[in-house]
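> Model the structure of this input:
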Amino acid sequence: MAVSNSEWSQKVAAFYASPSHFLASTTTENFVYDLLRVLADEKISENVKIQILGIIQEFPGWLFTSSRLAEQAAESIFSIYSQLPFVPKSVNLKCHLLLSVTTIVIATDYLTSNVKILNNLMTQLFDAVCDTNDRKYGGHFRPLRALACDCLREFETCHPGLLSRKLELLHTLQQKEVSPLHQAYTLLYIQVLKNAVHALSRSRNVSDGAIRELLTRNEEIKWKVMEKPQDLLAITTTTDLTPLPSTIETKELKSSVTLLLEESFLLTPVSQAALFHELIQVVLMVRSLSPAIFRSQLLRLFGTMDISLMHSMLHMKASFTDSLFSAEDENFLLKRLVCMAQHPLLSNPVKLFYMDCLLHFPENRPINSNLEENLPVLFTPKMAACLFPTLFNDSSTMMSRLNLVSLMCLDSAEEERGLAEIFDYLVSLYKLVDANGSRGHTVTFFQAVYIFVSCFHASEMYMSELTQYMVKLYQRHCTLAPHMINLIDSIQQLFEDSKWPVSLGEALRKLIVELPPKQLSPHKLKLIWHLKVLARVAKEPTILQKTTVRFLLNVVQASDLCRQGDWKMGNSVLSVCKSILHHQNVEPIFNDLADLLQHVHAQFQDIDIQDHAHFYYALLTCLSHEKLAGIVAPGTGNCIRAKTRSLSSLMSESAGHSISVLPIKHPVLKIIPVPEEGSSNLGLAGDTTVKDLEEDSLQKYLNQFQNVGFASTIVMKFHLTFAEEVDPEYHKIYTVHLCFDLRSTHYEPLSDLHVPCLFLSRNPHVFSLAFKPHLPFPVTLHTRAVFTREDGSTCCSQLEPVDIGFARLFLALPVPTNWPLEMKARLFNQFWESLLQTGSSQSVLSRFCFTTVQRPLSELVNLHFQKYVVSQQSDPESYKVFLFLPPRVHLLLSLEQAHNMAKVDIVTDNWQLLPFINSYLIDITSEK
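As a prediction, the model looks like this:
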């Protein structure tokens, strides 16, 4: 079936929209074959072919699920590549073809042992790479050479050491290349060189001339490297590098490294950084190469404005310390970083990078080995003064600078003076937020408070003053309650023994409980914020809650809060009570708390709040403090959901968890499909007579589908029984609830099923499911069972999936049962001609052939299609099979014997079924 460029463009767009959904409508194998067929079709435009190759490049793991598919795809793409002439208009397609094969080889691992394809691919890549300076094919094919270099680098990255036997050739090519591709050749060579030296350093016996032999090697590639799993992390990082013996001869290597460094200025900054990264590792592994070899590059790097090069220089400093950088160099580099961190022409993200470099500066002789943020020893207060934050800085810069000057203040001899300046800055932020500052200013202020407390929490004077400012801020802006709670939680996580979060919470509680209750009643929103703060403060066992409980009792009694019955307000009150029950000693406040809960239970006009208040009252009056705290404590794991649904999930003293659904790892039940005894269609047209259909049987038949829901359901029977080797505690289960999930958009969801009981000693339970497809594709039935054991425990078990095959979707033709075969055969012929003549985009004609040596055609038809045969002849032997698949899909098969072969002509009104029809016919004809 020919498909136009526009249709394939739509297919590609549909695949990208949802690959999993697209592949669910066909088989992966058929889709790959379609892609390869379109790539070889000369009528398809180059743009569409590139889109198809894009699918292969982006989704190799989805498409090539077997070595056979991967091999066929690689060979087919190679064939197309070799047939394309070396003309300028074909360069783009050639690049994508070569990249696609490389992607299949690297990403799938199915072709690592196929030497023929690997040799062919490497031949094509090196053929392109060896065309230095565009002598053979001209400048139009320079993109192909660049792509070949990138493909070889990818091979070397994923399989380190693969190209180490081509070092001499790669070095020669790198030296000869004078076009802009010199950069690509250089990066390819240095990566292969570094990996080769790394592999040599891990060898046990290394001769003195091993490096010279390595650099002059030009041999065939050994593909066994691709079969070994590689630790890419160990190769790409500078840690855990094994140095070579110092006696090894490195004259040739030093010459190559020196030449690469001298030519490095020809590369782009990012490529220079990549080159330096590889060379640093080479020098670390070869002891006889002095780090001073980089000295000639430092003058250029000290003055760079590029981030990647600055990072490379810091990498050098971290790797070689005082072997390469003197104290003067270190001081100059620090001043350079300070200057760049405040440069007015740089963007904020770039300046933040330089700030981060200061906080993680690699010193020559660090005082400690702490990897967290530390200021270098040579960083002076004068430098820090240049980076003091202002209110005009953006939020990120402000916090970064505040963090830096705070660390400087901790290490400075003039700590008091610096601390006063930082606190004054914090007060300036406070005033900005107090004057109705924006959300950004508010978040910045609380972040600044966090930094200040984390650095100066030992300064009691400033911490006490900060508490007063925070209370004043909350008094004027109670909507900041979430920020206050988050600040308290964050500081406690940072310093578990810090007293300041507790003192702040106590101050906020005191402020709230001293407010007149009548003043709060008109402002419900303010009261809710206050209650959130009180609920958080109640979690501190050292803060007594007697005044809090009395405050709540006065609020609910003096206001119309209970009469209004606002659920949100009532829940906020009870959240404070819950925190008190969980964290506080309730003996001193027993009477007041009981009165509060009793009043809410009796007066609050919301049944849910009443029930919760009554529940808390029952806990308070009936249980000890330990049991009470255990019940209201937040659950873990499955208990969280159970406690959220019901706070009354009481547990016995010996129970280790709340009442919940217990998950079972191994399936307890299983579903077995019942073999079909006969086809059954729901909603068949039994009122249509033979006389009515004699005039125009096809039109009369099609008119039936105008009735909504006609023949749209497939009913299948299943057995629900126990799985093998079930523990005795599951031999009798009750109230079984089955939840079905088809995980497909091609079907309507299935309803849940309830089974009263299931005993191992009894027969399996038989049930039916009505499948209602939108498209009749094979599907998998996933089932989850929730049931109760004899001991009362509720359990949940995931059953083994059940595959609903394509043949299970076949139904007999939805026509009256009194129709003779002649009438069905005539309808078959009319339908066949109608589908072929209309030329619809959905209808399609296809053919399938198979041998009948092992099994005659008659046996195959009797076994699989007997119920659906509408016509048969003996000379020559032929059959006509009419299949119906809900909701309205027809499958017409014409089977005919020809010598030792049989042909099956297929006509259907939905071409999307062809992959499943083909797979089904392959399965039944290959059976022995």
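> all contacts plus neighbour counts: C-alpha atoms, from now on.
Noted.
> And for stretch 352-363, what's in contact with it?
314, 317-318, 321, 330, 334, 337-338, 340-341, 371-376, 396-397, 400-401, 404 (C-alpha atoms under 8 Å, 6 or more residues apart in numbering).
> Same question for stretch 450-464.
For stretch 450-464, contacts defined as C-alpha under 8 Å, 6+ apart pick out 402-403, 406-407, 410, 423, 487, 490-491, 494, 498, 500.
> and that stretch, how far apart are its ends?
One end of stretch 450-464 to the other measures 15 Å (C-alpha to C-alpha, to the nearest Å).
> Could you give the separation of that stretch from the chain centroid?
The chain centroid and the centroid of stretch 450-464 are separated by 41 Å under C-alpha atoms, centre = their mean, to the nearest Å.
> Only the buried residues of that stretch, if you could.
By neighbour count on 16 or more other C-alpha atoms under 10 Å, the buried set for stretch 450-464 is 450-454, 456-457, 462-463.
> isn't residue 907 right up against residue 846?
Yes. Contact criterion C-alpha atoms under 8 Å: residue 907 and residue 846 qualify, at 6.5 Å.
> what about the two, which has more around it?
residue 907 (23 against 14; other C-alpha atoms under 10 Å).
> So in terms of bridging, what pairs with the more buried one?
residue 845, residue 892 (DSSP bridges).
> start the count at 120, not 1, going forward
Okay, residue one is now 120; in that scheme the one you just asked about reads as residue 1026.
> Spit out the contact partners of it.
Contact partners of residue 1026, counting by C-alpha under 8 Å, 6+ apart, are 951, 954, 962-965, 1010-1012.
> can you check residue 984 too?
residue 1000.
> Provide the backbone phi and psi angles at it.
Taking degrees, to the nearest 10, you get phi -130, psi 10 for the backbone angles of residue 984.
> tell me which element residue 822 falls in.
For residue 822, the element it lies in under DSSP states H and E is helix 816-822.
> List the buried residues of that helix.
Result for helix 816-822 [16+ other C-alpha under 10 Å]: buried residues 816-817.
> Stretch 212-230 too?
212-227, 229-230.
> what does stretch 699-706 give?
699-705.
> Would you mind pulling the contact partners of it?
Residues from elsewhere that reach stretch 699-706, judged by C-alpha under 8 Å, 6+ apart: 654, 657-660, 663-664, 739, 744, 747-749, 751-752.
> repeat that with 7 Å
Residues outside stretch 699-706 that contact it (C-alpha atoms under 7 Å, 6 or more residues apart in numbering): 657-660, 748, 751-752.
> Can I get it in PDB, CA atoms only?
C-alpha atoms of stretch 699-706 as PDB (Å, rounded to 0.1, in the frame of the first residue of the first chain):
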ATOM      1  CA  ILE A 699      -1.000  19.000  72.300                       C
ATOM      2  CA  LEU A 700      -2.300  15.500  72.700                       C
ATOM      3  CA  HIS A 701       0.700  14.100  70.800                       C
ATOM      4  CA  HIS A 702       3.600  16.200  72.200                       C
ATOM      5  CA  GLN A 703       2.500  17.600  75.600                       C
ATOM      6  CA  ASN A 704       2.000  16.300  79.100                       C
ATOM      7  CA  VAL A 705      -1.800  16.600  79.300                       C
ATOM      8  CA  GLU A 706      -2.200  16.200  83.100                       C
END
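> quick one: it to chain centroid distance?
Stretch 699-706 has its C-alpha centroid displaced from the chain centroid by 43 Å (C-alpha atoms, centre = their mean).
> what's across from residue 782 in the sheet?
With DSSP bridges as the rule, residue 782 is bridged to residue 915.
> which residues sit in contact with it?
914-916.
> just those now: which is nearest residue 283?
residue 916 (54.2 Å; C-alpha to C-alpha).
> tell me the domain boundaries of the chain?
138-277, 282-408, 517-617, 634-753, 781-794+817-926, 929-1045 (the TED database).
> Can you add distance to residue 445 and mean pLDDT and give these back as JSON lines?
Below are those laid out as JSON lines (distance: least, C-alpha to C-alpha, whole Å; pLDDT from 0 to 100):
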{"stretch": "domain 138-277", "distance to residue 445": "35", "mean pLDDT": "92"}
{"stretch": "domain 282-408", "distance to residue 445": "18", "mean pLDDT": "88"}
{"stretch": "domain 517-617", "distance to residue 445": "24", "mean pLDDT": "90"}
{"stretch": "domain 634-753", "distance to residue 445": "54", "mean pLDDT": "87"}
{"stretch": "domain 781-794+817-926", "distance to residue 445": "63", "mean pLDDT": "88"}
{"stretch": "domain 929-1045", "distance to residue 445": "71", "mean pLDDT": "86"}
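> Quick one: buried ones out of the contacts of stretch 471-482?
Among the contacts of stretch 471-482, those scoring as buried are 433, 436, 440, 449, 453, 456-457, 459-460, 493-495, 516, 519-520, 523 (criterion: 16+ other C-alpha under 10 Å).
> Go through those and name the one nearest residue 468.
Closest to residue 468, out of all of those and judged by C-alpha to C-alpha, is residue 516, at 8.6 Å.
> Can you list the helices and strands that whichever strand or helix holds that closest one packs against?
Assessed by DSSP H and E, residue 516 sits inside helix 514-530. Applying 3 or more C-alpha pairs under 7 Å, 6 or more residues apart in numbering; DSSP states H and E, one finds that helix 514-530 contacts helix 500-505, helix 534-553, helix 558-575.
> closest one to residue 254 among the ones you listed?
helix 500-505 (56.3 Å).
> Pull the distance from that closest one to the chain's centre.
On C-alpha atoms, centre = their mean, the centre of helix 500-505 falls 44 Å from that of its chain.
> Could you export the helices and strands packed on helix 514-530 as CSV, including distance to residue 943?
Output for the helices and strands packed on helix 514-530, formatted as CSV (distance: least, C-alpha to C-alpha, whole Å):
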stretch, distance to residue 943
helix 500-505, 94
helix 534-553, 84
helix 558-575, 75
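> Look at stretch 180-193 and report the distance between its end residues.
For stretch 180-193, the end-to-end distance is 14 Å (C-alpha to C-alpha).
> outside of it, which residues touch it?
For stretch 180-193, the surrounding residues in contact (C-alpha under 7 Å, 6+ apart) are 147, 151, 155, 220, 223, 226-227, 229-230.
> how about JSON lines for the residues you listed, with distance to residue 249 added?
Shown next, in JSON lines, are the contacts of stretch 180-193 (distance: C-alpha to C-alpha, whole Å):
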{"residue": "147", "distance to residue 249": "37"}
{"residue": "151", "distance to residue 249": "33"}
{"residue": "155", "distance to residue 249": "29"}
{"residue": "220", "distance to residue 249": "19"}
{"residue": "223", "distance to residue 249": "23"}
{"residue": "226", "distance to residue 249": "25"}
{"residue": "227", "distance to residue 249": "27"}
{"residue": "229", "distance to residue 249": "28"}
{"residue": "230", "distance to residue 249": "25"}
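> Residue 345: what's it in contact with?
Residue 345 sits in contact with 231, 278, where contact means C-alpha under 7 Å, 6+ apart.
> Distance of it relative to residue 138?
Distance of residue 345 to residue 138, computed by C-alpha to C-alpha: 29 Å.
> try residue 284
40 Å.
> ditto for residue 820
37 Å.
> any chance of the domains of the chain in TSV, plus distance to residue 126?
TSV is the format used below for the domains of the chain (distance: least, C-alpha to C-alpha, whole Å):
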stretch	distance to residue 126
domain 138-277	10
domain 282-408	39
domain 517-617	50
domain 634-753	56
domain 781-794+817-926	20
domain 929-1045	11
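> now stretch 939-951, how far from the centre of its chain.
53 Å.
> mind listing what's buried in it?
In stretch 939-951, counting by 16+ other C-alpha under 10 Å, buried: 943-947, 950-951.
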